[in-house]
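Peer 1: structure, please.
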Amino acid sequence: MGYVNNEQIIDFKSKITSDPSTLGKIYKAKKSPNYIISVDHNLVEDKLKEGWIVNSILKTKTKLSKEKTHSKKFEDDIWCQFYELGFRTLNIDENLELPFSKNPNDKKQIDVIAVNNETAIIIECKSSAKLKKPHHTKMSLIFWD
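Peer 2: Just a heads-up that it's a prediction; the model follows:
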């Protein structure tokens, strides 16, 4: 018995694309270490208070940038790696959740979906900006003559 209804399938499919033009634009945005937006000149002051930095001033808009968080950079790097490996069906939306039980509240966050002719890969990215020591594990060595 599946845990996904038709409405959820349609919603899920709307967040995945094979369109080369769309994927190329997403790849370019994800490859950058910064978010880049263009806003009307009258909105610049508010954006500067939110941590954005002016990149360039154009005729009608101002280009702003803001550094991506560590976790966002990691997710984007993984997405880009699959694009570079030749996967051409990928997610276009980071807001993907996959139900995994009868309880509708039991869902898993999906960060990257990559599909080709032979493989479908679903990834939830986990990362930490700070290096943590690994847990101590017991290891046994066995030697044979």
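Peer 1: and the gap between the closest residue to residue 86 other than its chain neighbours and residue 32?
Peer 2: Computed as Cβ to Cβ, 6 or more residues apart in numbering, the closest residue to residue 86 that is not its neighbour in sequence is residue 116, at 6.7 Å. Just so you know, the C-beta spots here come from the backbone N, C-alpha and C atoms, and that holds for glycine as well. Distance, residue 116 to residue 32, using Cβ to Cβ, to the nearest Å: 25 Å.
Peer 1: ditto for residue 90
Peer 2: Using Cβ to Cβ, one obtains 17 Å as the distance from residue 90 to residue 32.
Peer 1: looking at those two, which is more packed in?
Peer 2: Comparing residue 90 with residue 32 by other Cβ atoms under 10 Å, the one with more neighbours is residue 90, at 22 against 13.
Peer 1: neighbouring strands of whatever helix or strand the more buried one lives in in the sheet, and parallel or not?
Peer 2: Following DSSP states H and E, one finds residue 90 within strand 89-91. Taking DSSP bridges as the criterion, strand 89-91 sits next to strand 16-17 (antiparallel), strand 112-115 (antiparallel) in its sheet.
Peer 1: just name the most buried of those strands.
Peer 2: Comparing those by mean neighbour count (mean count of other Cβ atoms under 10 Å), strand 112-115 comes out on top with a mean of 21.
Peer 1: run through who's touching it.
Peer 2: Contacting residues not belonging to strand 112-115 are listed as 16, 75, 78-79, 82, 85, 87, 89-91, 96, 120-123, 125 [Cβ atoms under 8 Å, 6 or more residues apart in numbering].
Peer 1: before we move on, what SS does residue 73 have?
Peer 2: helix (DSSP: H, G, I helix; E, B strand; the rest coil).
Peer 1: ok, it touching residue 33?
Peer 2: Yes: applying Cβ atoms under 8 Å as the test, residue 73 and residue 33 come out as touching, 6.4 Å apart.
Peer 1: okay, these two: which has more neighbours?
Peer 2: More neighbours surround residue 73 than the other of residue 73 and residue 33, with 17 against 11 (other Cβ under 10 Å).
Peer 1: how far away is that one from residue 34?
Peer 2: 10 Å.
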